[in-house]
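Undergrad: Sequence and predicted structure are below.
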Amino acid sequence: MVFSDIVGQDTCITFLRRALTTGKLGHAYLFEGVEGCGKRLTALALVASTFCAHHTGCGTCPVCRKVMAGQHPDLHIIEPDGTAIKIAQIRELQQELVLRPYEAPRKACIIESAERFNPSSGNALLKTLEEPPGNALMILLTTNGEAMLPTIRSRCQRLRFASLGEETISRFLVSEGATLETARLAAAQAGGSLARAQELAATDSFATQQELTGRLFSLRLADIKNLFIASERQGTDRDTALGTLTLLEGLLRDVLFAQQGVDQRIFPELAPCIEQEAALRSPAALAGIFSQITATRQAIQRNVSPQLALDVLFMKLARP
Ligand SMILES: [Zn+2]
């Protein structure tokens, strides 16, 4: 079953499976949740389950495979054209939906970034949402339901997808072959998004940076000379510098957790240094560092020299 490949969305999937088996599938759904939490995969699995040659959403028959690849002729996937979903895209969709399905029992459409309708394309969609031609299945996906046109939102059954827990993400990454440390670090930085965590864990420089930052930290943040050597190595380009900030946040989070007695560490092997930093810095000082990291990130994104930005940050770090 393709549903069983989806991580951490048991509530939504149980709900949809029950609707399928009892024949009570609605005609318009809105899947809400953070980027990369499994909305698109669930939408495809739902379509596969309704199209499947074995009526199960087996995931292996040619029909399921075509759906999961987004290449079934009766499945229409709409993504914003530029910044918005345009009225021409909705008109085209409507023309498709009135046709008889080529192969499947009904037509289906998945609309990505449903918060990006403009008033005219949104209005064009409304009637289709109320009475989809040929009993078409409409699935809208959004990361921000509140930013959607209320008229569209209210015509759909809303399913809220959970942000994935760090433990769930990290377990999954380990099952994909990541080391426990990489998995934990990526999970901590992914904001509940499995896709983001996978991307982080697969970054070539991730492991190197992890090692460098670990070394940097174990040398004591207060040692300014080592910090400058580190900034020279890690400020060579924008991406490396931004990655370093992410890692620093991970380390500082461990320090914060150490202060609060929370036993959920990303860098368990650095425990002695982390305890030391936890004793050295007040929670307010730590909060200050977190906001300095954010400011540094913004500066680098605004094209300030990465090395210069890291130098400034590290100078502040060196003063506990
Ligand atoms: Zn199948």
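TA: Received, thanks. Numbers count the residues shown, from 1 in each chain.
Undergrad: where along the stretch 101-250 of the chain do the helices fall?
TA: 119-130, 150-153, 166-175, 180-189, 194-202, 204-218, 224-234, 238-260 (DSSP state H, counting those that start in this stretch).
Undergrad: Of the ones you listed, which is nearest S305?
TA: With respect to S305, and counting by CB to CB, the nearest of those is helix 238-260 at 9.2 Å. Just so you know, the C-beta spots here come from the backbone N, C-alpha and C atoms, and that holds for glycine as well.
Undergrad: how far does that closest one sit from the chain's center?
TA: Offset of helix 238-260 from its chain centre (CA atoms, centre = their mean, to the nearest Å): 19 Å.
Undergrad: If we go by neighbour counts, what in that helix is buried?
TA: 240-259 (16 or more other CB atoms under 10 Å).
Undergrad: pLDDT score for E277?
TA: E277 is assigned 82 on the pLDDT scale.
Undergrad: so it touches L256, yeah?
TA: No. Taking contacts as CB atoms under 8 Å, E277 lies outside contact range of L256: 9.9 Å.
Undergrad: Looking at whatever residue of the stretch 201-320 of the chain ends up closest to the ion now. What's its pLDDT?
TA: Of all residues in the stretch 201-320 of the chain, the one sitting closest to the ion is A202 (29.3 Å; CB to the ion). pLDDT recorded at A202 is 80.
Undergrad: Same check on L16?
TA: 95.
Undergrad: give the contact list for it.
TA: Shown in contact with L16 (CB atoms under 8 Å, 6 or more residues apart in numbering): F3, L25, T42, L46, S49, L159.
Undergrad: ok, of those residues, which come out buried?
TA: F3, L25, T42, L46, S49, L159.
Undergrad: Could I get those residues in CSV, plus columns for pLDDT and distance to S170?
TA: Below are those laid out as CSV (pLDDT from 0 to 100; distance: CB to CB, whole Å):
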residue, pLDDT, distance to S170
F3, 89, 22
L25, 93, 34
T42, 96, 21
L46, 96, 27
S49, 95, 29
L159, 97, 25
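Undergrad: got these as a markdown table, with secondary structure and distance to the ion columns?
TA: Converted to a markdown table, the buried ones among the contacts of L16 look like this (DSSP: H, G, I helix; E, B strand; the rest coil; distance: CB to the ion, whole Å):
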| residue | secondary structure | distance to the ion |
| --- | --- | --- |
| F3 | helix | 12 |
| L25 | coil | 16 |
| T42 | helix | 16 |
| L46 | helix | 13 |
| S49 | helix | 8 |
| L159 | strand | 22 |
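Undergrad: Show me which of those is closest to N123.
TA: L159 (24.0 Å).
Undergrad: Excluding sequence neighbours, find me the nearest residue to the closest one.
TA: C12 (4.9 Å; CB to CB, 6 or more residues apart in numbering).
Undergrad: Same question for the one helix or strand the one you found maps to: list its buried residues.
TA: Per DSSP states H and E: C12 is located in helix 10-21. Buried positions in helix 10-21, judged by neighbour count with 16+ other CB under 10 Å: C12, I13, L16, R17, L20.
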